[in-house]
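K.L.:
predicted model and sequence below, questions to follow.
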Amino acid sequence: MNPETLQEKVLVVPSSKIYIDGKWEGMLTSKVEKYLDVIHTEHFFLSRELAEFDPTHQQIIPYLVFRSGKQYFVIKKLKGSSEKRLHQKFMMGVGGHINEEDSGVGENILEAGIKREWEEEVLYSGNYTKRLVGILSDSKTPVSEVHLGLVYLVEGDSHEIDTAEPEKMSGELVHESDLRQYYENMDSWGRIIIRWIEQGQPVGDEVFA
């Protein structure tokens, strides 16, 4: 990580507060509002240098999966990205940490962070709607076990989308029937989301793994 990343403070929630009813593996598609309430009431900011290697806290990551028609925006992390553990991996969403700068007076900190991340990472001028479809918990890798994903499905009316930082990420629209071609080189969250898409995007199941 570069020096700026080490000095960054990110929004975290104690794992004991998130997993008070037990830990799950995969994407939880029910009771999502309950976990949003926990995040709003129990969050604080912790040095990213500590948080990245501390599974007793969950870093909260809004993860925006873009779809236009039956095409999904697939992203590839490049060498310019600060997260070396994800270089050359494909991802199904854009997003990142919530920072102290997102906690303006009177603002919903998650919504502020989502808006900032979308504008920083994506070039898109069409109309879109978004909805929270799941809470993603995955302890299979050192990266994923310290992050909790808030998975939003972003549905747009235009195919004109690109990454805003081409030195860090590349992106392309991929038809849902072709997503399996990216599966083996996808990060762990992306694999879960591809399986969710292939199963018809169920909402209301206890856990989709």
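P.N.:
Right, received. Where do you want to start?

K.L.:
strands paired with the helix or strand hosting I61, and their directions?
P.N.:
Per DSSP states H and E, I61 falls inside strand 57-68. Sheet pairing of strand 57-68 (DSSP bridges) gives strand 9-14 (antiparallel), strand 71-77 (antiparallel), strand 94-95 (antiparallel), strand 147-156 (parallel).

K.L.:
which one of those has the lowest average pLDDT?
P.N.:
Between the strands paired with strand 57-68, the lowest average pLDDT goes to strand 94-95, which shows a mean of 90.

K.L.:
what residues does that one touch?
P.N.:
Residues from elsewhere that reach strand 94-95 (C-beta atoms under 8 Å, 6 or more residues apart in numbering): 61-64, 66, 73, 75, 114, 117-118, 121-122, 149, 163, 169. The C-beta positions use only the backbone N, C-alpha and C, and glycine is treated the same way.

K.L.:
for L6, give me the pLDDT.
P.N.:
For L6, the model assigns a pLDDT of 56.

K.L.:
all strands of the chain, in order?
P.N.:
Assigned by DSSP state E, the strands in the chain fall at 9-14, 26-28, 44-47, 57-68, 71-77, 90-91, 94-95, 122-124, 128-137, 147-156, 161-163, 169-175.

K.L.:
report all helices and strands that the third one contacts.
P.N.:
Put plainly, it is strand 44-47. Judged by 3 or more C-beta pairs under 8 Å, 6 or more residues apart in numbering; DSSP states H and E, the packing partners of strand 44-47 are strand 9-14.
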